[in-house]
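> I'd like to go over a predicted model; first the sequence, then the structure.
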Amino acid sequence: MELGALLLVFLVVVSGRDGEDLGNITGLPVCGDCVRCHGAIERNISSKSYRGREASYVVVGAGTSGSILASRLAEAGHEVILLEAGGTTQSEFIREAPITENQTSVFDVPLEWLEICRNPAFEHYQWEVDGSPKVSIAKGIGGCSIHNAMLYMRGVSEDFEEWPEGWQFQDVLPYYTKSENNSNFPVSQFHGKDGPIQISSPHKKFHDSITPRFIEAFQELGYGVVEDFNGEPTNQKPSETGKSGRTGAGYLQFAIREGVRDSSAAAYFGKSHPASVIKPSINFHGHCGNKKKSKKSKNSVKRGDYGSLHIMAHAQATRIIFENKKGDIIARGVNLVRLDSDDKPKCRCTVFARKEVILSAGAINSPKLLLLSGVGPAKQLEKLGIPVVIDVKGVGENFMDGAYAIVQFEAPDLRFQRCEKFEKGAAEGGLLGQSPPTTQRCQKEWQLYLKGGQGLFGTPGFFAGGFMQSPGHSRPNIQLTLHPYDKVNQQPWAFKYGRRSSESIDACRDGPVKCNLTNAHNSERGRIVTVEVAHNLPASRGRVSLQNAHPLTPATLNGSYLSVRSDVEALLWALREVRTIFNTFALKKVIGKELLPGKHINAQALENYIKCATIDTTSDVCENQNAPVVGHLAGTCKMGDLEDSMAVVSPTLRVRGTKGLRVVDASVMPSLPSGNTHATCMMIAEKATDLILQNIQDPFLPPRGNPKPTQILPPPKANSPTPKSPLKHTLGLLGRWYGLILGFALGLLVLAGPHLWRKCSQAGFLGREGKRGNHSKDYGSITSS
């Protein structure tokens, strides 16, 4: 009797602890329903029943690449779980009607992209990263495509010469055009019309007086006028210097649809998006414990043999689950925690992948998750007490991003006002806290916007840019972006440029940027033009690492910006070239004095200005390298061939030494494209979809001298959780109720076993020989005595 009771207690305890110690998170309760609670957006594309915590694919990160990849896999008929640590963003996931006053999110309005980055009210839509300078990484459905400047700029042919075979320009161009629906250029080898992402040029509807002159100034200096930055390499007006390709100035293209930001999430699985890849029924679920049934969308569409896409918002991955099967290290699932509205961990659970786990968490969080899971440089992991699963020394290395500098001029004849609408912050999705536009002109612009996305609010607030090639570079490496307003005053780091005015510095340090640094220059606000001078192809390389083994601790970034002398020299050359551009006949009659860095800033002072964003000339050396960063974060899970010892993923994006695990985001880029990275991230996702669905093989990059795990979770070290035994893990998968029932059944069997044995022996069921029956009878007597 005691044996049966003990067995019953053991089974109840084991089954009841399902999901404990997930990813170094202790003390949290197990989520009652892992997928269908707390902010989950469930999109059932077919009537097939969903299996709960298991799907064909688990995609970590609903950013630019993850949204596209998950949608395409669901479109192909698979069940997909898409995990996103942030919450809902654009009203595309909520509203039925077009743009309205009360159903417009800050993430919808193209002009508000700077407000998202600068306003502390939106900090919970940003990942916290340890290190300096600070980088901006979006946290929410849509990822960086919901807070970037929406620029659509592909890489050029030369950008892919360092990429592996199968990733050359002729290989990736069809995947660029696959996602594109271009409203300005006809269908060709370089442009598509059938993709979900709307590409447009808002300058055709709204422009300022300085922008056309900026393009003329480029032409005056012998640079080309680029008609289409994403077209054929020679698609520009000829110039006397013979410069070709992307070099020159022209109007830019943006991911904007009818005045609304067209993020990858909105475009590929938006609720009412006309070009959405999937048109599922949509169910919204509130916080855990909310029993209200969600309403189905009126425009739900059933689509044949499609699979299903289940989006789990507020779900932060903490560790990848591996299995050692006959020497193969196979990814089986992901541990995660569910977050509340304040980003505090609330409960935990595990989701499993029948086919593959795919990381699309970006250049900071994809390597972070690999390192937390024991995939990375063995020495680094051992120091943190993280058991080594695969020794891959390239994880977190090869971090790439450029730095940029600001040049500002007075523009007395400029007639442009940058309006604001969402100054007071927002709740989930940015739908609350709107404030009326500040001027009568902006109020008129807002009313125009409500009539179908027209006017200034339907634009990003800038329209033109250019590319230049600094000495020593084989392709255009300097990107200029013209902002017809005081962009410095719009930035959270504005005080760095305001060293002339202590009052301005203090004002900018106190929360939201409401300071007017132009007072320090005695210039009228709104009559300033800003040029961003970005170095897109830096030689400097940084590193992403862990502070400790706790999954909710921010990763550490050592960006090493401007650590290579040639990067500084490229920006020095570019700043001088910008001064030359603004001294041309086309511009000098409408441009006043140079405000930043100032005509008198040269030599060492100009270098200090680049490195530290300061105009303080009292010091000869700038100690803190704190320049504004471009935000094209990439390279930390580098793609490469078998011979590349620093490669983390193969040309099919499989992680070295593993099966069932890939990385699909900007972190796999071996080198940066010369333009913005957003379009290239979309291309990577489109191509990855084919690699996965076609099961294209390549030699797995083998582990190099690493220990092999012997169980599903590696052994504990330094505060790591105790691994489950095989029995505990098996029972855990069955669920606590199945374990409870099984425990009762086995307990009853032990308690009632002797009686059943005696009855069966008396009935002659235990064999033909009488001795065997007598043995049973004796055993029954002994048991009951």
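That came through fine.
> Just the helices from the stretch 151-300 of the chain, written as ranges.
Per DSSP state H, counting those that start in this stretch, the stretch 151-300 of the chain has helices spanning 169-178, 210-220, 264-269. These are given in chain order.
> do you know which of those helices lies nearest residue 53?
helix 264-269 (20.9 Å; Cβ to Cβ). No exception for glycine: its C-beta is placed from N, CA and C like everyone else's.
> Which strand in the protein has the most residues?
Identified as the longest strand of the chain according to DSSP state E is strand 345-359.
> now the next helix or strand after that strand against strand 345-359, angle please.
From strand 345-359 onward toward the C-terminus, using DSSP states H and E, the following helix or strand is helix 362-372. Angle, helix 362-372 to strand 345-359, by axes from the mean of the first three to the mean of the last three Cα atoms, to 10 degrees: 100 degrees.
> Helix 362-372: what's the following helix or strand?
strand 375-376.
> Strand partners (parallel or antiparallel) of that following strand?
strand 390-391 (parallel) (DSSP bridges).
> any idea which helix or strand comes after the partner strand?
strand 404-410.
> what packs against that next one?
strand 528-535, helix 565-581, strand 594-596 (3 or more Cβ pairs under 8 Å, 6 or more residues apart in numbering; DSSP states H and E).
> Just give the strands next to that strand in its sheet, each with its orientation.
Each strand paired with strand 404-410, and its direction, by DSSP bridges: strand 528-535 (antiparallel), strand 594-596 (antiparallel).
> Name the residues of the following helix or strand past it that are buried.
The helix or strand immediately downstream of strand 404-410 is helix 440-450, counting by DSSP H and E. If you call a residue buried by 16 or more other Cβ atoms under 10 Å, then helix 440-450 has these buried ones: 442, 445, 446, 448, 449, 450.
> Same question for stretch 552-572.
552, 555-562, 567-572.
> what's the answer for stretch 681-695, then?
Quick answer for stretch 681-695 (16+ other Cβ under 10 Å): 681, 682, 683, 684, 685, 686, 687, 688, 689, 691, 692.
> quick one: contacts of that stretch?
Contacts of stretch 681-695 with the rest of the structure, by Cβ atoms under 8 Å, 6 or more residues apart in numbering, involve 57, 63-69, 72-73, 76, 154, 167, 171-172, 175-176, 178-179, 197, 264, 356, 358, 360, 652-653, 662, 664-666, 668-669, 696.
> Buried ones from the residues you listed, can you make that a ChimeraX selection?
This is the ChimeraX syntax for the buried subset of those, where burial follows 16+ other Cβ under 10 Å:
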select :57,63,64,65,66,67,68,69,72,73,76,154,167,172,175,176,178,179,197,264,356,358,360,652,653,662,664,665,666,668,669
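> Could you tell me which of the contacts of stretch 681-695 belong to strands?
Short answer: the contacts of stretch 681-695 in strands (DSSP E) are 57, 197, 356, 358, 662.
> CSV please, covering these and showing pLDDT.
Formatted as CSV, the ones in strands among the contacts of stretch 681-695 follow (pLDDT from 0 to 100):
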residue, pLDDT
57, 95
197, 93
356, 96
358, 98
662, 97
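> List just the nearest of those to residue 402.
residue 197 (24.1 Å).
> Next, count neighbours for the nearest residue to residue 116 once chain neighbours are set aside.
Excluding its sequence neighbours, the residue lying closest to residue 116 (Cβ to Cβ, 6 or more residues apart in numbering) is residue 147, at 4.5 Å. Neighbourhood size, residue 147 [other Cβ atoms under 10 Å]: 28.
> Next: residue 593.
11.
> Put the alpha carbons of stretch 318-338 into CSV.
Provided in CSV are the C-alpha atoms of stretch 318-338 (Å, rounded to 0.1, in the frame of the first residue of the first chain):
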residue,chain,number,x,y,z
THR,A,318,14.7,32.3,-23.3
ARG,A,319,16.4,29.2,-24.6
ILE,A,320,16.4,26.8,-27.5
ILE,A,321,15.7,23.1,-26.6
PHE,A,322,18.2,20.6,-28.2
GLU,A,323,18.2,16.9,-28.5
ASN,A,324,21.2,14.7,-29.0
LYS,A,325,19.9,12.0,-31.4
LYS,A,326,22.6,9.5,-32.4
GLY,A,327,25.2,12.3,-32.4
ASP,A,328,23.0,14.8,-34.2
ILE,A,329,22.3,18.0,-32.3
ILE,A,330,18.6,18.8,-33.2
ALA,A,331,16.6,21.8,-32.2
ARG,A,332,13.2,20.7,-30.9
GLY,A,333,11.6,23.8,-29.4
VAL,A,334,11.9,27.0,-27.5
ASN,A,335,11.4,27.9,-23.9
LEU,A,336,9.8,31.3,-23.4
VAL,A,337,8.3,33.6,-20.8
ARG,A,338,5.1,35.6,-21.3
